[in-house]
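# Predicted structure and sequence below. I'll ask about it afterward.
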Amino acid sequence: MHSKKAISNTAKSCLDRIGAINEKLNAIIYIDKDKVRRSAEEKPSGIPVTIKDNICVKDEPTTCASKILENFKPPYDATVIKKLKDAGFILMGKANMDEFAFGSSCETSCYGPTRNPWDTKRIPGGSSGGSACAVASGEVPMALGSDTGGSIRQPAALSGIVGMKPTYGRVSRYGLIAFASSLDQIGPLAGNVRDAAVLLNAISGYDELDSTSRDVACPDFTKSLENDVRKIKIGVPREYFPEKGLDGEVKGAILESKDILQDLGVELIDIGLPHTEYALSCYYIIAPAEASSNLARFDGDQYGLRKDAKNMIDMHLKTRTAGFGDEAKRRILLGTYSLSSGYYEAYYLKAMKVRTKIKNDFLEAFKKCDVILTPTTPAPAFKIGEKINDPLGMYLSDIFTIPANLAGIPGISIPCGFTKKGLPIGLQLLGKPFDEETLFRVAYAFEQNTEFHKRKPNI
Amino acid sequence: MPDTNPIDKKTVEHVARLARINLSAQEIGLYKKQLADILEYINKLNKVDVKNTLPTSHPMGKIKNVFRKDSAKKSLPVEDVLRNAPNKKDSLFVVPKIIG
């Protein structure tokens, strides 16, 4: 077990590590080293944590890795940041990400791609790729990310670490720059299950500044870390093990993980989630629709980039054209299209109805089991550049993580194996709404009885 | 949902205008194809029977409107709010003319 003290002494060693390897990886895109040194002296037992660049930190650049927010420094802290500061954490700069969290590879950042520490020719996953890489490479022990369709769990899987998307409403979104407001959730990425629980403890809770945060009790998640999973029922959905579209080595590792858990005493149950195949389509209507609306605020009026023009409309056009990257434009166009007159019912309304079916599938399944076990991703990390001109192929890499966002349920990804080439594989566990505790318990028991989380990249 | 994708050059231009984004001729061609591919995949949803299904706009369905108490609170100082402004005068944001 990490004592608080054991982690705390590393704020300065984190700086050394960042200095030595960050140039190669591009995980952290902003850090004020003097400020870190000062906080480390003020808070000698503070735990270092890096923040995804779409979470507002007062007076530090918060850009969503987009040119349109270059030089933007928020005048306030996100609620999660306020909580971390109050709890004595040491903020270790901002982590790279796909622009506005639009992506699965961390390649669409205006600061250039982040690299996977296990193979620097490959992507670390995304969109919280900088957060995942910073943790996996040992720059920091933990980081905050955000998850709209898998953006915490997918990079955690591809980088060989732990990542949790909490239940929608568990963590305040105040100060998280919105992508898709009905799907977004902030969560922890960490090197082990205990650290993820410690970080979730610090950021959870109702916040009157976010009316979608839920006023429910916040348990101490570290109390769930028991090496005992007997009598827990784990559902294995057949739809997540398709004949095509699931890498053989990934499938092998997931099936082995299932056996490991069975040996530890869980009861395995075959379940069906019949609307799984529609989740990706449903998501790629709802998420871009919400994004196109949320990103309407970036127009050059009040903050961020402004390209001057004689009238307002031309100023907005020039600013947005210069400020947004290709994927952001693609999603804004897709979302604007599906919300536009004549298409709203055919696309957006239909997708919201299918969303009900997907959510009901989960609620039905959770009558029979406590936890659902699936692969986190259909394949290990791909090469940088491999899918950048194939948006649909890129979108498919989130096929197993998206359903949890549509249903609002919590999910965790933990290391469960390696390919022959040495690339990490992630196991996803999904839970009932507001039952992160059972997820932590199963994840912890799995971790205590395996060695995968101990393997570190040679960087 | 339409079975054929009505994405043509004019539609892309119209949507881009609505979204306040200028596209080059090359970009229009590229997005036309990519959006058509994505919409073709999305048309899968036509297979789901949703006749008697209510829409979910939000995962926590039971939340009703949430209002804060109507009481005065400290807000951010004007100079902090204006610090990121591309152009400002006194306590105001300055933007180009809207009319004229």
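Good, I have the coordinates.
# Against B:Gln34, how distant is A:Asp228?
Distance of A:Asp228 to B:Gln34, computed by C-beta to C-beta, to the nearest Å: 50 Å. Heads up, the C-betas are built off the backbone N, CA and C, glycines and all.
# cool, and B:Ile98?
From B:Ile98 across to B:Gln34, the span is 34 Å (C-beta to C-beta).
# what about chain B, any weak spots by pLDDT?
Scanning chain B for pLDDT under 70 picks out B:1-6, B:61, B:100.
# please redo it, this time with the cut-off set to 80
Within chain B, the stretches with pLDDT under 80 are B:1-6, B:60-64, B:99-100.
# Can you name the residue of it nearest to chain A?
For chain B and chain A, the shortest gap (C-beta to the nearest C-beta) falls at B:Pro59, measuring 2.4 Å.
# rewinding a little: more neighbours, A:Asp228 and B:Gln34?
The residue with more neighbours, out of A:Asp228 and B:Gln34, is B:Gln34; 19 against 12, by other C-beta atoms under 10 Å in any protein chain shown.
# and the nearest residue to A:Gly385 once chain neighbours are set aside, helix, strand or coil?
Spatial nearest neighbour of A:Gly385, excluding adjacent residues (C-beta to C-beta, 6 or more residues apart in numbering or on different chains): A:Glu107 at 7.5 Å. A:Glu107 carries the three-state label coil when classified by DSSP: H, G, I helix; E, B strand; the rest coil.
# ok, and for the longest helix that chain B contains, which residues are buried?
Criterion DSSP state H: the longest helix present in chain B is helix B:25-42. The neighbour-count check on helix B:25-42 (16 or more other C-beta atoms under 10 Å in any protein chain shown) flags B:27-28, B:30-32, B:34-36, B:38-39, B:42 as buried.
# With stretch A:34-54 instead?
Using 16+ other C-beta under 10 Å as the test for burial, stretch A:34-54 gives A:36, A:39-40, A:43, A:46-54.
# For chain B, tell me which of the residues you listed show up nearby.
Among the buried residues of stretch A:34-54, no residue sits close to chain B (C-beta under 8 Å from any C-beta of the partner chain).
# how many other residues sit next to the residue of the stretch 1-150 of chain A found nearest chain B?
Using C-beta to the nearest C-beta, A:Pro75 is the residue of the stretch 1-150 of chain A that sits closest to chain B, at 3.9 Å. A:Pro75 has 16 neighbouring residues, counting by other C-beta under 10 Å.
# Excluding chain neighbours, what is closest to it?
B:Asp80 (3.9 Å).
# Dihedrals phi and psi, whatever residue of the stretch 301-450 of chain A ends up closest to chain B?
Across the stretch 301-450 of chain A, the shortest distance to chain B (C-beta to the nearest C-beta) belongs to A:Gly408, at 2.4 Å. Torsion angles at A:Gly408 (phi, psi; degrees, to the nearest 10) stand at phi 80, psi 10.
# Look at the residue nearest to it when sequence neighbours are not counted and give its secondary structure.
Once flanking residues are discounted, A:Gly408 sits nearest to B:Pro59: 2.4 Å by C-beta to C-beta, 6+ apart. With three-state DSSP as the basis, B:Pro59 sits in coil.
# how near is B:Pro59 to A:Ile358?
Separation of B:Pro59 from A:Ile358 (C-beta to C-beta) stands at 10 Å.
# before we move on, the earlier item: so what does the longest helix of chain B touch, helix or strand wise?
Where contact means 3 or more C-beta pairs under 8 Å, 6 or more residues apart in numbering or on different chains; DSSP states H and E, helix B:25-42 is packed against helix A:279-294, helix A:326-339, helix A:391-395, helix B:9-18.
# could those go into JSON lines alongside distance to A:Thr79 and mean neighbour count?
Listed next are the helices and strands packed on helix B:25-42 as JSON lines, based on distance: least, C-beta to C-beta, whole Å; neighbours: other C-beta atoms under 10 Å in any protein chain shown:
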{"stretch": "helix A:279-294", "distance to A:Thr79": "18", "mean neighbour count": "25"}
{"stretch": "helix A:326-339", "distance to A:Thr79": "25", "mean neighbour count": "24"}
{"stretch": "helix A:391-395", "distance to A:Thr79": "30", "mean neighbour count": "19"}
{"stretch": "helix B:9-18", "distance to A:Thr79": "33", "mean neighbour count": "17"}
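# need the least confident one among those helices, by mean pLDDT.
Sorting these by mean pLDDT places helix A:391-395 lowest, at a mean of 88.
# can you list contacts of the helix or strand that comes right after that helix?
For helix A:391-395, the following helix or strand on the C-terminal side (DSSP states H and E) is helix A:402-407. Contact with helix A:402-407 is made by A:147-150, A:165, A:168, A:183, A:185, A:273, A:276, A:279-280, A:282-283, A:286, A:355, A:358-359, A:361-363, A:410-411, A:430, B:56, B:59, as judged by C-beta atoms under 8 Å, 6 or more residues apart in numbering or on different chains.
# The same query, at a cut-off of 6 Å, please.
Helix A:402-407 has contacts (C-beta atoms under 6 Å, 6 or more residues apart in numbering or on different chains) with A:149, A:183, A:279-280, A:283, A:355, A:358-359, A:362, A:411, A:430.
# follow-up on the earlier one: where's the residue nearest to A:Gly408 relative to A:Ala180, distance?
11 Å.
# Spell out which residues of chain B are next to chain A.
B:1, B:15, B:18-22, B:31, B:34, B:37-38, B:41-42, B:44-45, B:48, B:50, B:53, B:55-60, B:66, B:76, B:80, B:84, B:86, B:93, B:95-98 (C-beta under 6 Å from any C-beta of the partner chain).
# Show me which of those are buried.
Buried by 16+ other C-beta under 10 Å: B:1, B:15, B:18-21, B:31, B:34, B:38, B:42, B:45, B:48, B:50, B:53, B:56, B:58-60, B:84, B:86, B:95-96, out of the residues of chain B next to chain A.
# Now do the same for A:Asp361: its pLDDT.
Model confidence at A:Asp361 (pLDDT) stands at 98.
# Phi first, then psi, for the nearest residue to it once chain neighbours are set aside.
Distances taken as C-beta to C-beta, 6+ apart place A:Leu273 nearest to A:Asp361, at 4.4 Å, with adjacent residues excluded. Main-chain torsions, A:Leu273, degrees, to the nearest 10: phi -130, psi 80.
# and the end-to-end length of stretch A:32-50?
For stretch A:32-50, the first-to-last residue distance is 12 Å (C-alpha to C-alpha, to the nearest Å).
# do stretch A:97-104 as well
OK, stretch A:97-104 end separation, C-alpha to C-alpha: 9 Å.
# try stretch A:53-63
One end of stretch A:53-63 sits 6 Å from the other (C-alpha to C-alpha).
# same check, this time on stretch A:92-99
End-to-end distance (C-alpha to C-alpha), stretch A:92-99: 20 Å.
# Can you name the residues in contact with it?
A:14, A:26-31, A:48, A:50-53, A:65-66, A:106, A:108-109, A:111, A:114, A:126-127, A:130-131, A:134, A:140, A:143, A:325, A:328.
# what do you get for stretch B:19-27?
Here stretch B:19-27 makes contact (C-beta under 6 Å, 6+ apart) with A:316-317, A:320-321, A:329, A:332, A:336, B:16.
# In space, not sequence, find me the middle residue of chain B.
B:Ala19 (7.3 Å; C-alpha atoms, centre = their mean).
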